[in-house]
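>>> Have a look; sequence and predicted model below, questions after that.
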Amino acid sequence: MTTAVPEQDTALRTPRSVIVTGAASGIGRAAALAFAAQGDRVLVADLDADGAEETVRKATDIGGVALAVVGDLGEQQVVDAVVARAVTEFGGVDVLVNNAGIMDRMSAAHETESAEWERVLRIDLTAPFLLARAVLPHMLTAGSGCLVFTGSEAGLRGGAAGAAYTAAKHGITGLVKHLAVMYRKQGIRTNMIAPGPTATGMGVDSRPDAHGPAVITGLIGANTGRLGSAEEQAAALVWLASDAASFVNGAVLPVDDGWSAV
């Protein structure tokens, strides 16, 4: 016999201030809408102005409160503007969803150009660090907060992406664990999802004749399960930021139809 768990009455919840990066599309948009639907106030941060405003419109259409800040999150002044806007408009930052990211070209190390390496590391590793560093003083003052990262299967294994993306996502895994240990006594939790292949529209500009794509394509094709949805990934992000996950800290949660178990 199973017992149904009643849904939480959003009218009784205190709205939280939530920053979601990369929220103009894909997992970020799905997460922003899920937070907005449960009554949280959402700041949508993305380089894509039209997509960010569309996410704000969709959040408003479902009765949510959202606003957008547009810019390159690899730049400190943009990060500062994002956090300042959340603090000014929403009174602080309760949740940071570090979701924004870009893919590499599946390049093996000897094929990776310096520009590819630097761009991927800046967006996928440095930008999440800058955002975490910027929100932490506000969370430390409040004595609580949640940092949730979108990592990747590439942060758990060596055959899911190219050299740059793999290094960046392994770096995120380490950063998440560091933050979890460093700030747990201050009431701040840090966790990460590791998505498997997900329908988000993110493309890979790979060179089919290169060594990296030839190796990785075979590994991925042989071991992955079905293609996930952005909403499934977003549900895991929202759960990690919820009171239901209050004792979860430093976790790396694969959301991958069992790929990480193969």
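On my side now, so go ahead.
>>> low pLDDT regions in the stretch 101-250 of the chain?
Within the stretch 101-250 of the chain, the stretches with pLDDT under 70 are 201-206, 208.
>>> at 90 instead, please
Scanning the stretch 101-250 of the chain for pLDDT under 90 picks out 106, 157, 159-160, 196-227.
>>> Tell me where it has strands.
Per DSSP state E, counting those that start in this stretch, the stretch 101-250 of the chain carries strands over the ranges 145-150, 188-195, 198-199, 228-229.
>>> which residues touch the residue most central in space within the chain?
Centrality entry for the chain: nearest residue to the mean C-alpha point is residue 99, 2.2 Å, by C-alpha atoms, centre = their mean. Residue 99 sits next to 20, 21, 22, 23, 27, 28, 31, 149, 150, 237 when contact means C-beta atoms under 8 Å, 6 or more residues apart in numbering. For glycine as for every other residue, the C-beta is placed from the backbone atoms N, C-alpha and C.
>>> quick one: contacts for residue 131?
19, 21, 73, 79, 82, 83, 96, 98.
>>> got it, and residue 177?
By C-beta under 8 Å, 6+ apart, the contact set of residue 177 is residue 250.
>>> ok, it to residue 93 distance?
Between residue 177 and residue 93 the distance is 21 Å, computed by C-beta to C-beta, to the nearest Å.
>>> picking that back up, quick one, which of the strands of the stretch 101-250 of the chain gets closest to residue 119.
Evaluated over the strands of the stretch 101-250 of the chain, closeness to residue 119 peaks at strand 145-150, with 17.8 Å, by C-beta to C-beta.
>>> orientation of that closest one relative to strand 188-195 in degrees?
20 degrees (axes from the mean of the first three to the mean of the last three C-alpha atoms, to 10 degrees).
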